[in-house]
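[1] Please find the sequence and the predicted model below.
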Amino acid sequence: MEGRQQAPVVPTASNSEVGDRSYPGYRFAQIGLVLLLSFGSCSTSDVLEQASETLPEVPVTVSFNDRASYAIEVERGLAYLGVGNTLQILDVNNPVVVRPLGSVELPAVIRHLDKNGNQLAVACGKSGLILTDVSDPLRPRILGAFPTGDSAEGVVLDQDRAYVAARTDGVWILDTSDPARIQELGRFDSVEEAMDVTVSGSLMYVAASFADLRVVDVSTPANPIETGFADRGSYDQGYAWGVAFQGPFAYIANVEIGLRIVDVQDPYAPSTQAIYPLTHAPVALTVGGNKVYIADQEEGLHIVDTSDPRRPRRISQLQLPGRALDIALQGTLAYIAAKEGGLRIVDVQDPGKPREVGNYTILEDVLDLALIDTTLVAADQLRGVRIFTVSDEGLVESTTLNTGSASIVEIGSAYVVVGDGSDLVRVHARNAEGLLDSQGVPVRAKGPVRDIQRLEDGSFLLVGDAGVTRLNPETPGSTMLQEVISTESLFDRFKSKGLPASSPALVPSLWSIALHGSTGLLASSEGLAFIDLASTGKIAPVGFAPTTQRVVRVAAKENLAFLACDDGLRTVAIGDPTAPELVGYWKSESFLTSIDLLGELILLTDLQNGLLIMRWGESHRAEQVSQVQLSDRPLALVHLETTVYIATGRGGIDSWDLSEPTAPRKISSPSP
């Protein structure tokens, strides 16, 4: 039913605030399933001390370290990402190489963001509205706050006003002209829970859960008047979660139903033009031209052609790691906050073939592993470098070096090199007992380092934005680093030789390196590059194997290279590295993160499916032998004989005995 009158009140079930935009508890209550989620209470945070002393007290509702991505806003090459209760600003001018800038912690999980000028408004769950100053992206700061009664889910800034969708509170209309003293101007009762809001001129459009779209005249903010509504039609027609406006249409992300398109040219008589069915969980959307981009928790990104609003049609769909909760569009790039999948950046220049070109995740604990003899070294993002001894009883932790955040590590006989994902690495000497000096020597590369590989001569290769750099710990001072080849030079030389290594849209990037004799195998955003490492000077590229998806990691054996790509496993014949040939492909269900070879086995880690144990078949086909679920998302792996060790972020290190590949046996692992 659509019209001028108020929609009938539909009873709702209570729903405690949860850490993501999950399926609404109301729907579950309707079918008799009660889901209770509770977080421990904690004392009032001191986060707001930097703001004015006149700020109202804001309740703190989280006492956990949530690192999932919930909300995204993008403007002029900067992305504002809600990571748990942290507002993280990112430089996304080059989406392949996302660089973190400043951040500020807020008192609750960030649910939604909207930017206007130098101010960023944050719908901060039970803590209400938080206004921040982001004029300096390296030093964002809190300006003010306004506590809403129920959870703040959506927000929009319009000049000196903020409109905050706060579930059972409806929509708060606030005066933000003095951010330190935010004042209430009015409040709209949305009948059902207000989940999202947008404003155009004097009209406000509210996604009101079971009451669907409400159109409200806010020309007099103290007395907002509903002019009309587009009701869901029946009790079974879903739950309005997100709303976007591009005149004369409003677009609603309706959980369990799909995309509803409503003509609101006459605000007193909104009229549904079409419903584009999506059977999973569309929760956020944005409009660009005659296309709607939808974040769906289960199915990632949907792109829908709405040039004919009465007959929307599917253009494409792209599955993403994690659960898509929010979306922003800038130019030809879509930015999706994908909860545990972090920020995913998708090129939609060709909407029929969207492709992921970058991502950013904030993980915790163990991110990388390196092994030599019976010494295992772990890069721990929170605690630094952790050293373990491999024994018959499993892993025994011997020491921890508080080196600050560590994300990549490599160990040699005399040195350990540690990086934190930036351009800084530290070189720690090992003594005769294998212990490391605690300080280490800091060395700065020309750009962020993504991978470190030891060489037989005791030196190390650093791979990252700057290309490939050789680090010789025996050489003091600035001469410790010697450039092997820059990324730009590498791909320029490939192009000059007529090899298919050019990127028409983006600067290529290097992700990791593996060794095959005196040849370096470089995993890149464009494919697999071969370089000759026999020369100590600058070298010429040898060959190139292009791929349609990014190569993350590579391992080689005899005349074959196995590539862990974003979309699966590729096998390349490298008997002649000047003319590599793709000979096999196995599609994965999720993103592959690492690879290792154990005898005849190929060990893969899959972002969602854990450890995959594969075998290379005679017919050039990879065959899955078995699979094991892990403690958390796998990020790196190494093996010693038949035991494999896997870095699982918050899960620490998982250990598995693969002496019988069809029946892997879990070994006790150290705590995270």
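    Arrived safely, thanks for sending.
[2] Tell me which stretches of this protein form helices.
    According to DSSP state H, the chain carries its helices in the segments 25-30, 487-496.
[3] worst average pLDDT in those helices?
    Note on these: helix 25-30 shows the lowest mean pLDDT, a mean of 31.
[4] Pull the contacting residues for the residue nearest to residue 426 when sequence neighbours are not counted.
    Closest residue to residue 426 apart from its sequence neighbours, by Cβ to Cβ, 6 or more residues apart in numbering: residue 440 at 3.7 Å. All C-beta atoms are positioned from the backbone trio N, CA, C, and that covers glycine. Residues in contact with residue 440 (Cβ atoms under 8 Å, 6 or more residues apart in numbering) are 401, 403, 418, 426-429.
[5] and residue 153, how far is that from residue 563?
    42 Å (Cβ to Cβ, to the nearest Å).
[6] Tell me where the stretch 351-500 of the chain has strands.
    355-360, 366-372, 375-380, 384-391, 394-401, 408-411, 415-419, 424-429, 441-444, 449-454, 460-464, 467-471, 481-485 (DSSP state E, counting those that start in this stretch).
[7] the inter-axis angle of the fifth one versus strand 375-380?
    Read that as strand 394-401. 60 degrees (axes from the mean of the first three to the mean of the last three Cα atoms, to 10 degrees).
[8] Next: the last one.
    In terms of direction (the same axes, to 10 degrees), strand 481-485 departs from strand 375-380 by 80 degrees.
[9] right, and residue 369 touches residue 638 too?
    Yes. If you go by Cβ atoms under 8 Å, residue 369 and residue 638 touch, sitting 4.9 Å apart.
[10] any common contacting residues for those two?
    Joint contacts of residue 369 and residue 638 (Cβ under 8 Å, 6+ apart) are 376, 645.
[11] who has more neighbours, those two?
    residue 369 (25 against 19; other Cβ atoms under 10 Å).
[12] Provide the partner residues of the more buried one in its beta bridges.
    residue 378 (DSSP bridges).
[13] What is the neighbour count of the nearest residue to residue 281 once chain neighbours are set aside?
    Nearest residue to residue 281, sequence neighbours excluded (Cβ to Cβ, 6+ apart): residue 297, at 3.8 Å. For residue 297, the tally of surrounding residues (other Cβ under 10 Å) stands at 22.
[14] Next: the one 3 residues further on.
    By other Cβ under 10 Å, the residues close to residue 300 number 24.
[15] Could you double-check that it lies in contact with residue 320?
    Yes. Contact criterion Cβ under 8 Å: residue 300 and residue 320 qualify, at 3.7 Å.
[16] Identify the contacts common to these two.
    336, 338.
[17] Which residues are in contact with the nearest residue to residue 319 once chain neighbours are set aside?
    The spatial neighbour of residue 319 that comes closest, neighbours along the chain excluded (Cβ to Cβ, 6+ apart), is residue 300 at 4.6 Å. Contacts for residue 300 were tallied using Cβ under 8 Å, 6+ apart; they are 317-320, 324, 336, 338.
[18] Please identify the deepest-packed of the strands of the stretch 351-500 of the chain.
    Most buried of these by mean neighbour count (mean count of other Cβ atoms under 10 Å) is strand 415-419; its value is a mean of 27.
[19] So which residues make contact with it?
    370, 377, 379, 384-385, 403, 406-410, 425-430, 436, 440, 449, 452, 458, 460, 462, 471, 473.
[20] Can you pull out the low-pLDDT segments for the stretch 101-250 of the chain?
    For the stretch 101-250 of the chain, the stretches with pLDDT under 70 are 231-237.
[21] Tell me which residue lies nearest the centroid of the protein.
    residue 342 (1.7 Å; Cα atoms, centre = their mean).
[22] so residue 74 bridges to which residues?
    residue 79.
[23] follow-up on the earlier one: between the contacts of residue 440, which is closest to residue 328?
    Nearest to residue 328 among the contacts of residue 440 is residue 418, at 34.3 Å by Cβ to Cβ.
[24] Bridging across strands, which residues link to the closest one?
    residue 409, residue 426.
[25] do the same with residue 444
    Bridge pairing for residue 444 - DSSP bridges - gives residue 424.
[26] sorry, back to before: kindly reformat the strands of the stretch 351-500 of the chain as TSV containing distance to residue 82.
    What follows is the strands of the stretch 351-500 of the chain, written out as TSV (distance: least, Cβ to Cβ, whole Å):
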stretch	distance to residue 82
strand 355-360	13
strand 366-372	22
strand 375-380	25
strand 384-391	27
strand 394-401	31
strand 408-411	26
strand 415-419	27
strand 424-429	27
strand 441-444	31
strand 449-454	25
strand 460-464	27
strand 467-471	34
strand 481-485	37
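[27] now these in JSON lines, with mean pLDDT and distance to residue 601?
    JSON lines is the format used below for the strands of the stretch 351-500 of the chain (pLDDT from 0 to 100; distance: least, Cβ to Cβ, whole Å):
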{"stretch": "strand 355-360", "mean pLDDT": "84", "distance to residue 601": "28"}
{"stretch": "strand 366-372", "mean pLDDT": "85", "distance to residue 601": "17"}
{"stretch": "strand 375-380", "mean pLDDT": "86", "distance to residue 601": "20"}
{"stretch": "strand 384-391", "mean pLDDT": "84", "distance to residue 601": "19"}
{"stretch": "strand 394-401", "mean pLDDT": "78", "distance to residue 601": "21"}
{"stretch": "strand 408-411", "mean pLDDT": "88", "distance to residue 601": "23"}
{"stretch": "strand 415-419", "mean pLDDT": "89", "distance to residue 601": "28"}
{"stretch": "strand 424-429", "mean pLDDT": "87", "distance to residue 601": "32"}
{"stretch": "strand 441-444", "mean pLDDT": "86", "distance to residue 601": "36"}
{"stretch": "strand 449-454", "mean pLDDT": "90", "distance to residue 601": "22"}
{"stretch": "strand 460-464", "mean pLDDT": "89", "distance to residue 601": "26"}
{"stretch": "strand 467-471", "mean pLDDT": "88", "distance to residue 601": "29"}
{"stretch": "strand 481-485", "mean pLDDT": "79", "distance to residue 601": "32"}
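[28] No further questions, thank you.
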